[in-house]
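Visitor: what shape does this take:
(one chain, ligands or ions: 1)
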Amino acid sequence: MTKYVFVTGGVVSGLGKGITASSIALLLKARGYKVFMQKFDPYINVDPGTMNPMQHGEVFVTYDGCETDLDLGHYERFIDEELNYSSNITSGKIYSSVIEKERKGEYLGATVQMIPHITNEIKNKIIEAGVSSQADIVITEIGGTVGDIESLTFLEAIRQLQHELGDENIFITHATLVPFIYGSEELKSKPTQNSVKDLRGLGIYPNALVLRAPYATPENLKRKISAFCSVPLENVIDSVDVKNIYEIPINYYNQKIDEIILKQFKLTLHRADLSAWKNLINTVANLKNEVEIALVGKYIELHDAYISVSEALKHAGYKYNYKVNIRWIDSEDLEKNNVKLDDIFKGVKGILVPGGFGSRGIEGKIKACEYARVHNIPYLGLCLGMQIAVIEFARHVCGLKDATSTEFDQTTEEPIIDLMADQKYILNMGGTLRLGNYECKLQKNSLASKLYGADNILERHRHRYEFNNKYKELLESKGLVFSGINEASNLVEIIEYPKNKFFIASQFHPEFKSRPTRPHPLFVGFIEACIK
Ligand code: GLN
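Guide: Below you'll find the model as predicted:
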């Protein structure tokens with residue numbers, strides 16, 4: 001039977017619960033166990049797909065097309081396993097399915113209630129994840145902070161499971177804050193004690209505590225926390241601030257969190273193979289050179305809106321022993337009068353235009369792309385970044401000065417980017433984009449096929465608009481190459497411009513498949529071109 005590790009959080013949000021959950025999963029995988037991960041988000045949205053990235057950060061997409069919380073990106077990067085629809089459960093998803101069942105009459109006359117109907121639905125999702133993934137251990141992070149009204153039903157479901165399945169099958173890790181008080185210059189344990197009291201008030205007892213603090217909590221304070229919270233001293237784990245998040249699993253390993261969990265589960269303690277991960281940390285700690293890349297976006301105030309892109313850039317940098325620094329450029333700034341692009345891009349070795357929605361900031365992105373093309377600066381376009389590259393090329397190389405996307409101008413005469421036929425009659429915004437894996441056939445001898453070293457690839461998508469094939473011949477005649485095509489629907493997936501040193505853009509999101517130990521080929525090619 002599958003066993004379950006839960007990670008809850010207390011005191012404040014933003015403690016890095018996601019990284020804690022992924023680090024635990026990584027260590028259990030390194031011990032030879034098949035792991036799967038889940039995130040529970042207490043908000044009412046069915047998924048984060050309709051949320052503004054400035055509020056919520058990036059929307060991560062799984063191979064099967066689930067729009068998820070960005071923490072799933074951390075999970076995949078840490079455990080290098082593909083997650084799926086059962087990995088991100090929101091209150092919205094739970095409520096929708098309970099209400100759907102009620103309308104179908106499945107509750108046979110019962111009054112439908114938080115307990116047991118909502119909690120049973122949550123428990124089903126937990127058990128289902130174990131069954132469908134056939135994992136030995138499922139690691140689930142509960143979003144929010146203990147004490148929030150929103151997360152109460154999730155915690156109640158876990159309380160029931162702890163009672164029903166017992167310690168041999170369930171391990172609860174509670175992550176809290178140990179604040180440093182300036183003046184008295186000490187760490188304080190009271191918020192942790194209060195948070196554990198809240199958790200116990202809900203009927204859940206933690207098996208381990210993870211203490212987020214600027215430095216390791218001293219032994220005497222840990223003893224106090226252990227005594228007041230009834231958690232064994234060795235199960236009180238430090239989570240100190242680090243420069244590089246990839247160090248965290250090793251910090252936990254040194255404190256034996258995996259051993260503690262496996263012992264409680266009565267599972268064999270196989271030898272852990274962490275050599276690849278240790279090499280990675282060693283590489284990151286000793287990067288020899290630096291390179292600066294411009295990321296031209298419209299949600300740049302919140303760097304988390306581009307977390308997979310910035311991680312993918314870093315991963316490719318590791319391969320060449322380079323630290324990648326990102327110059328965050330607000331595309332709207334490029335639209336201002338008298339803007340000096342030479343100053344803005346001075347010193348950057350590559351320009352990246354990532355995904356985005358809506359017309360704000362589009363003209364600035366087009367300017368950035370033009371600057372890259374004209375000055376032969378390596379360019380990587382992702383999703384919207386491909387649409388921008390095509391519009392720019394059509395306007396400035398092919399003379400179609402009105403070329404644009406119908407997303408920005410519905411009545412345009414030159415809809416070079418347009419809605420797919422099957423998108424035209426869609427009314428709902430949520431969950432209706434072209435999502436998840438689609439095949440792409442690469443043109444022989446193209447830059448894309450060289451970088452991938454393959455003829456066919458599978459990449460993840462999240463968009464509604466497409467390149468309009470009516471314009472293909474014209475653009476080709478001017479030197480643009482359509483090097484990746486989805487043959488089933490005849491959709492353009494990759495464009496490149498071989499006259500430049502490196503100019504490539506994809507309709508899909510390669511950043512979702514980059515791993516720290518396995519950088520993505522498009523990012524590898526981009527960084528290689530930037531440092532040459
Ligand atoms: N807004 C564009 C579309 O819907 C691009 C989406 C994206 O960049 N993810 O097609």
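Visitor: would you map the strands across the stretch 101-250 of the chain?
Guide: For the stretch 101-250 of the chain, the strands defined by DSSP state E, counting those that start in this stretch occupy 137-142, 170-177, 180-181, 186-187, 208-213, 236-240.
Visitor: the ligand is nearest to which of those?
Guide: strand 137-142 (25.0 Å; CB to the nearest ligand atom). All C-beta spots, glycine's among them, are computed from the backbone N, C-alpha and C.
Visitor: what mean pLDDT does the closest one have?
Guide: The pLDDT scores in strand 137-142 average 96.
Visitor: what about it, distance to the chain center?
Guide: Distance, stretch centre to chain centre, for strand 137-142: 16 Å (CA atoms, centre = their mean, to the nearest Å).
Visitor: against which helices or strands is it packed?
Guide: strand 3-9, helix 17-30, strand 35-41, helix 119-133, helix 152-165 (3 or more CB pairs under 8 Å, 6 or more residues apart in numbering; DSSP states H and E).
Visitor: closest point of the stretch 251-400 of the chain to the ligand, which residue?
Guide: Closest residue of the stretch 251-400 of the chain to the ligand, CB to the nearest ligand atom: residue 355 (2.8 Å).
Visitor: got the CA positions of stretch 173-180 in PDB?
Guide: Output of stretch 173-180 as PDB, limited to C-alpha atoms (Å, rounded to 0.1, in the frame of the first residue of the first chain):
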ATOM      1  CA  THR A 173       5.900  17.400   8.600                       C
ATOM      2  CA  HIS A 174       5.000  20.800   9.900                       C
ATOM      3  CA  ALA A 175       7.100  23.700   8.500                       C
ATOM      4  CA  THR A 176       7.300  26.800  10.700                       C
ATOM      5  CA  LEU A 177       9.300  30.000  11.200                       C
ATOM      6  CA  VAL A 178      11.800  30.600  13.900                       C
ATOM      7  CA  PRO A 179      12.300  34.400  13.800                       C
ATOM      8  CA  PHE A 180      15.400  36.300  14.600                       C
END
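Visitor: contact partners of it?
Guide: Residues outside stretch 173-180 that contact it (CB atoms under 8 Å, 6 or more residues apart in numbering): 5-12, 15-17, 20, 24, 146, 186-189, 191-192, 195-196, 199, 206-214, 217, 221, 239, 257.
Visitor: any idea of the mean pLDDT for that stretch?
Guide: 96.
Visitor: filter the contacts of stretch 173-180 to the buried ones?
Guide: Buried by 16 or more other CB atoms under 10 Å: 5-11, 15-17, 20, 24, 146, 187-189, 192, 195-196, 199, 206-213, 217, 221, 239, 257, out of these.
Visitor: centre-most residue in the chain?
Guide: Geometric centre of the chain, nearest residue: residue 73, 2.7 Å, by CA atoms, centre = their mean.
Visitor: now that one: which helix or strand?
Guide: Under the criterion of DSSP states H and E, residue 73 resides in helix 71-79.
Visitor: from the chain's centre, how far out does stretch 433-452 sit?
Guide: Worked out by CA atoms, centre = their mean, stretch 433-452 lies 21 Å from the chain centre.
Visitor: and it, which residues are buried?
Guide: Quick answer for stretch 433-452 (16+ other CB under 10 Å): 433-438, 440-443, 446-449, 451-452.
Visitor: can you give me the end-to-end distance of it?
Guide: Stretch 433-452 has its terminal residues 26 Å apart, counting by CA to CA, to the nearest Å.
Visitor: model confidence over it, on average?
Guide: 96.
Visitor: residue 111 - how many residues pack around it?
Guide: Residue 111 sits with 6 neighbouring residues when counted by other CB atoms under 10 Å.
Visitor: which residues does it contact?
Guide: Contacts of residue 111 by CB under 8 Å, 6+ apart: none found.
Visitor: let's have the strands of the stretch 101-250 of the chain in TSV, adding distance to residue 468.
Guide: Shown next, in TSV, are these (distance: least, CB to CB, whole Å):
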stretch	distance to residue 468
strand 137-142	42
strand 170-177	49
strand 180-181	57
strand 186-187	60
strand 208-213	50
strand 236-240	50
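Visitor: nearest to residue 504, of these?
Guide: strand 137-142 (35.2 Å; CB to CB).
Visitor: and the angle for the closest one with helix 119-133?
Guide: 140 degrees (axes from the mean of the first three to the mean of the last three CA atoms, to 10 degrees).
Visitor: residues in contact with strand 137-142: which ones?
Guide: 2-9, 17-18, 20-22, 24-25, 28, 33-40, 42, 71, 126, 129-130, 151, 154-155, 158, 265.
Visitor: same thing but at 7 Å, please
Guide: 2-8, 17-18, 21, 24-25, 28, 33, 35-40, 71, 126, 129-130, 151, 154-155 (CB atoms under 7 Å, 6 or more residues apart in numbering).
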